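>>> Predicted model, plus sequence, below.
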Amino acid sequence: MSWSKALIEGVILIIISLLIIINLWAKVSKLEGRIKGMQYTINQLTQQSGLPEHPINDELRQLIKEGEDVKAIKKARETLGLSLLEGKEYIDKLKSEIR
């Protein structure tokens, strides 16, 4: 195999790889948008139905008031099974409700 043919095959492989990555990124972004929409709907239904919030929220609010955001995130993650990002977003939402 000549040098130029190997170079062309390498470039083609890189282009195909980039197209696959872009396609996957677009699909993940679309799914994230759908999940946020579903979460909004769930939140609205919860508020309208009068269901009580999760009992851990009182403890989390207390930790936030004490300036223990990291502990609050950790507690939310352990209790609710959230990822690190989801835990931070959850605590940030509770913080915004406190203010």
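Great, that's in hand.
>>> Quick check: pLDDT value at the closest residue to residue 84 other than its chain neighbours.
Nearest residue to residue 84, sequence neighbours excluded (C-beta to C-beta, 6 or more residues apart in numbering): residue 77, at 6.9 Å. In this view, the C-beta of every residue, glycine as well, is placed from N, C-alpha and C. Note on residue 77: pLDDT of 94.
>>> now do residue 71
96.
>>> Could you say which helix or strand holds it?
Using DSSP states H and E, residue 71 maps to helix 69-80.
>>> Tell me how many other residues crowd the residue nearest to residue 84.
By the other C-beta atoms under 10 Å criterion, the neighbourhood of residue 77 contains 17 residues.
>>> now the helices for the protein?
For the chain, the helices defined by DSSP state H occupy 3-49, 56-65, 69-80, 84-98.
>>> Could you single out the most deeply buried of these?
Most buried of the helices of the chain by mean neighbour count (mean count of other C-beta atoms under 10 Å) is helix 69-80; its value is a mean of 17.
>>> I figured residue 94 was touching residue 62, is that so?
No. Counting by C-beta atoms under 8 Å, residue 94 does not reach residue 62; the two are 10.5 Å apart.
>>> related to what we said a few turns ago, just how off-centre is the helix holding residue 71 within its chain?
Counting by C-alpha atoms, centre = their mean, to the nearest Å, helix 69-80 is centred 15 Å from the centre of its parent chain.
>>> Repeat that for stretch 90-97.
Its chain's C-alpha centre and that of stretch 90-97 lie 15 Å apart, by C-alpha atoms, centre = their mean.
>>> Could you check the pLDDT of residue 99?
Looking at residue 99, its pLDDT reads 68.
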